[in-house]
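[1] A structural model of the following input is requested.
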Amino acid sequence: MQRDALWLGTILASLKILSLGELLHLITEWMPASFSHVDAFELAILGLIGGALYCGVKLPLPRIALALGLLHMALSHVRNLELFALLLPLAVLTPVATQFGLRAASVVRLKATPAVMLIAVLCAATWFIAARRDMSPPTIHSPAAAVDALKAHHVQRVLNDLQFGGYLIWRQVPVFVDGRAELYGESFEMAYYRALQLKDVNGFLDLLKTYRIDAVMLDPATPASKFLDHIDGWQRLYADDRVVVHVRGAG
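    All right, here's what the predicted structure looks like:
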């Protein structure tokens, strides 16, 4: 019973995300794959097609349909690239191995001692790399200095760009929006997007007024961040190449 409820909840959550409509085109992971520049996915697709044509690979019709379905999913939404890479080998490995006479005996098998040594080397290398590197989120998503400035100014209501939501939550700063689009819905987030892009200037001003915003934390490339430089009653509190913070009535 509990398992059925879990499956049902998963399906309903997926349907809720897929029903976000126009908003899906603004979320990076739900955007279609782009071939405007050469990347690993394009090279992999071209390599697979070229290899299949050169070697004369043949697949049963059900597996062809499965492979094409996985490719369609990967091209439709970039978040499905991992799914494509994980499931495609499972779909084609058996018929390809049978066609070219590959046997399980050809798989390299390690004895116990070399296997233990290999695991030890990998663990040591992982520890060495982790000890020498600062394991932290990308600075574009963790603007520590900007949030320090916000906290020092004792702001209460922050209008933030989407990518800063998670870090603000971690720093215990109430956010206007974060990456969980299904919680906010298409109408709210599209109005938010149009306001920050100044496609609806009055909508942006209404956001500031309706929600009594006293600080705005945006990416420098977001049009609204430049617009605030020219609005009476707003001043820059902090700025760098990744984030700009405006506060209301700053002295």
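
[2] ok, the residue most central in space within the chain to Ile17 distance?
    The residue lying closest to the centre of the chain (CA atoms, centre = their mean) is Glu29, at 4.9 Å. Here the criterion is CB to CB, to the nearest Å. By it, Glu29 lies 10 Å from Ile17. C-beta: built from backbone N, CA, C; applies to glycine.

[3] any chance you could map the strands in the stretch 101-250 of the chain?
    Secondary structure of the stretch 101-250 of the chain (DSSP state E, counting those that start in this stretch): strands located at 158-160, 215-218, 234-239, 244-248.

[4] ok, back up a step: would you agree the residue nearest to the centre of the chain is in contact with Asn80?
    No - applying CB atoms under 8 Å, one finds Glu29 not in contact with Asn80, separated by 9.2 Å.

[5] follow-up on the earlier one: mind checking how far the residue nearest to the centre of the chain is from Met73?
    For Glu29, the distance to Met73 (CB to CB) stands at 13 Å.

[6] cool, and Leu43?
    For Leu43, the distance to Met73 equals 19 Å [CB to CB].

[7] which one of the two has more residues nearby?
    Set side by side, Leu43 and Met73 show more neighbours around Met73, with 15 against 10, by other CB atoms under 10 Å.

[8] now the helix or strand hosting that one: buried residues?
    In this structure, Met73 is located in helix 61-76 according to DSSP states H and E. For helix 61-76, the buried set under the neighbour-count rule, 16 or more other CB atoms under 10 Å, comprises 63, 66-67, 70-71, 74-75.

[9] report all helices and strands that that helix contacts.
    helix 81-99 (3 or more CB pairs under 8 Å, 6 or more residues apart in numbering; DSSP states H and E).

[10] centre of the chain to the helix it packs on, how far?
    What separates the centre of helix 81-99 from the centre of its chain is 25 Å, taken as CA atoms, centre = their mean, to the nearest Å.
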